[in-house]
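Q: make a model of this:
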Amino acid sequence: MRLTTPAEAVKLIRSHQSVYIQGSTSIPEVLVRAMADRGPELEGVTVYSGFAVGRADAPYCRPEYRESFLVNSLFVANNIRRWLADGYGQSTPAFLGEIPGLFRDGTLPVDVALLNVSRPNEEGYCSYGVSADLAVSAVECARTVIAQINPAMPFSYGDALIHTSRIAAAVEVDDPLVEVPTAVPTEIERRIGAHIAELIPDGATLQIGVGGIPNAVLAALADHKHLGLHTEAMTDGVLPLIESGVIDNSQKRVMPGISVASLALGSRRLYDYMDYRKDLVMKDVAWTNDPFRIRENPKVMAINSAVEVDLTGQVCADSVGTRIISGVGGQHDFMYGGSLSEGGKTFIAIPSTTSKGESKIKALLTPGAGVVTTRHMIQHVVTEYGVAHLRGRNLAERARALIAIAHPSVREELERAAAERFGYSFLRLH
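A: Residues are numbered from 1 along each chain as shown. Predicted coordinates for the structure are as follows:
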């Protein structure tokens, strides 16, 4: 491993190559800024970015660099969202668990990988810390690996390890990871969390996301026993359950006794907790999100959110109309795997209205909205008004169940739309 300056390290990037930038809360900001500074001398560099939380807009997303860096987003992160909305970059639709395969079979070629890693251990291995997800496959396929060695990065076990001999150039930094504040659930979110927690049995394996509703669910599970964790994203919300022994992973069949995730985002407390813990591993997202691996665990509880849901159970989770705001992520993978699990249950958890007071349950999806979870896969939709059980129900029955958990101010309007669409088969239901 050659230690050098950021400016020297990124000279290994050449025009018309493709560059993967590590994500989660571990964007290698020092290297990314150095790469952006080379914008005037580079042309046609494809930049792959996945799920990530940046401190500010990506420095390569500047109009004068539009021919230098061609952004191909695999999950629309906050630091590039405006760039894509303005039409300068594009996103590639794919299940998050499918993307490593696109790297590995050459559909998305990777020439260079930019990493943010821990200091090496005694055997010379650095850890990707909070971001195994796409980084594992990208590094596997990359011809050149450039890394920033960062004491702020925890050393996590699992797939997220690289020997220093594999790193072509490295820079030493002391760059704190982005911290994502723990969302304090609102009263509405607490009600949603309580509805879901009532349906989660002891011994369940959890897949749970980020935000107020997941934290409300976790807070409502304090009296449960022998829960397991096999998830895409690990957050601060699980720590109280791990530390109290509620999550002990004793009844999982896949890696029993160990909490499994693909990425982590949260506070410094979470990152410190992860450091050198052998009962917590970070795995390639193609492994964690494989529906047929997910199903091996019993009682998988997959809890995800949405932008909107229509009266037949179609779920939009990645766009507002035609504007892509995120990505499919692992929702489909876990909804499918959870539905196949013995005793498994899947949930779409949403407030009944947006922050602007618009209903999230709609007669029809907004024109241009993308369907992330199909009506054929949906099981439960939960709002503060209750749970709509949709599994095995026909379209008219689904509409009736969803209207019952919609905000009262829109129920009459939804009733009219359902009656017009489904006719007497809807009207006869009470």
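Q: strands of the stretch 1-150 of the chain, start to end?
A: For the stretch 1-150 of the chain, the strands identified by DSSP state E, counting those that start in this stretch occupy 18-21, 45-49, 69-73, 90-91, 112-117, 125-127, 144-149, in order along the chain.
Q: so which of those strands comes closest to residue 179?
A: With C-beta to C-beta as the criterion, residue 179 lies closest to strand 112-117 of those, at 14.5 Å. Backbone N, C-alpha and C define where each C-beta goes, glycine included.
Q: put the alpha carbons of the closest one into PDB.
A: Included here for strand 112-117 are C-alpha records, laid out as PDB according to Å, rounded to 0.1, in the frame of the first residue of the first chain:
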ATOM      1  CA  VAL A 112     -11.700   2.200  -9.900                       C
ATOM      2  CA  ALA A 113     -13.200   1.900  -6.400                       C
ATOM      3  CA  LEU A 114     -12.900   4.800  -3.900                       C
ATOM      4  CA  LEU A 115     -13.100   3.600  -0.300                       C
ATOM      5  CA  ASN A 116     -13.200   4.900   3.200                       C
ATOM      6  CA  VAL A 117     -11.700   2.200   5.500                       C
END
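Q: neighbouring strands - and their directions - for that strand?
A: Partner strands and pairing direction for strand 112-117 (DSSP bridges) are strand 18-21 (parallel), strand 144-149 (parallel).
Q: residue 234: which of these is closest?
A: When the strands paired with strand 112-117 are ranked by proximity to residue 234 (C-beta to C-beta), strand 18-21 comes first, at 20.8 Å.
Q: so which elements touch the lengthiest helix in the chain?
A: Secondary structure of the chain per DSSP state H: the longest helix is helix 408-422. Contact analysis of helix 408-422 by 3 or more C-beta pairs under 8 Å, 6 or more residues apart in numbering; DSSP states H and E lists strand 361-362, helix 395-405, helix 424-427 as its packing neighbours.
Q: what are the buried residues along the last one?
A: Applying a neighbour-count criterion of 16 or more other C-beta atoms under 10 Å, the buried positions in helix 424-427 are residue 426.
Q: show me the strands in the stretch 201-350 of the chain, by range?
A: For the stretch 201-350 of the chain, applying DSSP E, counting those that start in this stretch gives strands covering 205-208, 228-229, 233-234, 259-261, 263-264, 280-282, 300-304, 308-310, 315-316, 319-320, 323-324, 345-349.
Q: and the fifth one, how far from the chain's centre?
A: Its chain's C-alpha centre lies 9 Å from the corresponding centre of strand 263-264 when counted by C-alpha atoms, centre = their mean, to the nearest Å.
Q: what's the average pLDDT for it?
A: Averaging pLDDT along strand 263-264 yields 96.
Q: other SSEs contacting it?
A: Checking 3+ C-beta pairs under 8 Å, 6+ apart, strand 263-264 ends up next to strand 233-234, helix 268-274.
Q: and residue 289, how far from residue 426?
A: Separation of residue 289 from residue 426 (C-beta to C-beta, to the nearest Å) stands at 37 Å.
Q: equivalent analysis for residue 313, please.
A: Counting by C-beta to C-beta, the gap between residue 313 and residue 426 amounts to 15 Å.
Q: ditto for residue 351
A: With the distance defined as C-beta to C-beta, residue 351 ends up 25 Å from residue 426.
Q: residue 107 too?
A: Separation of residue 107 from residue 426 (C-beta to C-beta) stands at 44 Å.
Q: ok, residue 366 next?
A: Shown here: residue 366 relative to residue 426, a distance of 22 Å by C-beta to C-beta.
Q: got it, and residue 87?
A: On the measure of C-beta to C-beta, residue 87 and residue 426 end up 42 Å apart.
Q: got it, and residue 326?
A: With the distance defined as C-beta to C-beta, residue 326 ends up 33 Å from residue 426.
Q: with residue 19 instead?
A: Distance, residue 19 to residue 426, using C-beta to C-beta: 53 Å.
Q: how about residue 59?
A: Distance check for residue 59 against residue 426: by C-beta to C-beta, it reads 54 Å.
Q: so what's residue 172 closest to, chain neighbours aside?
A: In space, and not counting its chain neighbours, residue 172 is closest to residue 149: 5.1 Å by C-beta to C-beta, 6 or more residues apart in numbering.
Q: who does that neighbour bridge with?
A: Listed beta-bridge partners, residue 149: residue 117, residue 172 (assigned using DSSP bridges).
Q: do I have it right that it meets residue 171?
A: Yes - A contact is recorded between residue 149 and residue 171 when judged using C-beta atoms under 8 Å, the distance being 7.1 Å.
Q: on that earlier part again, identify the residues contacting the residue nearest to residue 172.
A: Under the criterion of C-beta atoms under 8 Å, 6 or more residues apart in numbering, the neighbours of residue 149 are 117, 118, 119, 120, 126, 170, 171, 172, 173.
Q: ok, of those residues, which come out buried?
A: 117, 118, 120, 126, 170, 171, 173.
Q: can you pull the contacts of the residue nearest the centre of the chain?
A: Among the residues of the chain, the smallest C-alpha distance to the mean C-alpha position (C-alpha atoms, centre = their mean) belongs to residue 329, namely 5.0 Å. By C-beta under 8 Å, 6+ apart, the contact list for residue 329 reads 51, 75, 96, 232, 317, 318.
Q: what does residue 50 give?
A: Contact analysis of residue 50 by C-beta under 8 Å, 6+ apart lists 23, 74, 75, 77, 96, 99, 133, 134.
Q: quote the end-to-end distance of stretch 275-288.
A: 20 Å (C-alpha to C-alpha, to the nearest Å).
Q: buried residues in that stretch?
A: 280, 281, 282, 283, 284, 285, 286, 287, 288.
Q: stretch 9-26 now?
A: Judged by neighbour count using 16+ other C-beta under 10 Å, the buried positions of stretch 9-26 are 9-10, 12-13, 17-26.
Q: alpha carbons of that stretch, as PDB, please.
A: The C-alpha trace of stretch 9-26 is given here as PDB (Å, rounded to 0.1, in the frame of the first residue of the first chain):
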ATOM      1  CA  ALA A   9      -3.900   9.200  -5.400                       C
ATOM      2  CA  VAL A  10      -6.700  10.200  -7.800                       C
ATOM      3  CA  LYS A  11      -4.200  10.600 -10.700                       C
ATOM      4  CA  LEU A  12      -4.800   6.800 -11.100                       C
ATOM      5  CA  ILE A  13      -8.300   7.700 -12.500                       C
ATOM      6  CA  ARG A  14      -8.300   8.200 -16.200                       C
ATOM      7  CA  SER A  15     -10.800   9.600 -18.700                       C
ATOM      8  CA  HIS A  16     -13.600   7.200 -19.800                       C
ATOM      9  CA  GLN A  17     -13.100   4.900 -16.800                       C
ATOM     10  CA  SER A  18     -15.800   4.000 -14.400                       C
ATOM     11  CA  VAL A  19     -15.500   4.800 -10.700                       C
ATOM     12  CA  TYR A  20     -17.500   3.400  -7.800                       C
ATOM     13  CA  ILE A  21     -17.800   5.600  -4.700                       C
ATOM     14  CA  GLN A  22     -18.500   3.900  -1.400                       C
ATOM     15  CA  GLY A  23     -21.800   4.800   0.200                       C
ATOM     16  CA  SER A  24     -23.800   4.700   3.400                       C
ATOM     17  CA  THR A  25     -22.300   7.300   5.800                       C
ATOM     18  CA  SER A  26     -18.800   6.600   4.600                       C
END
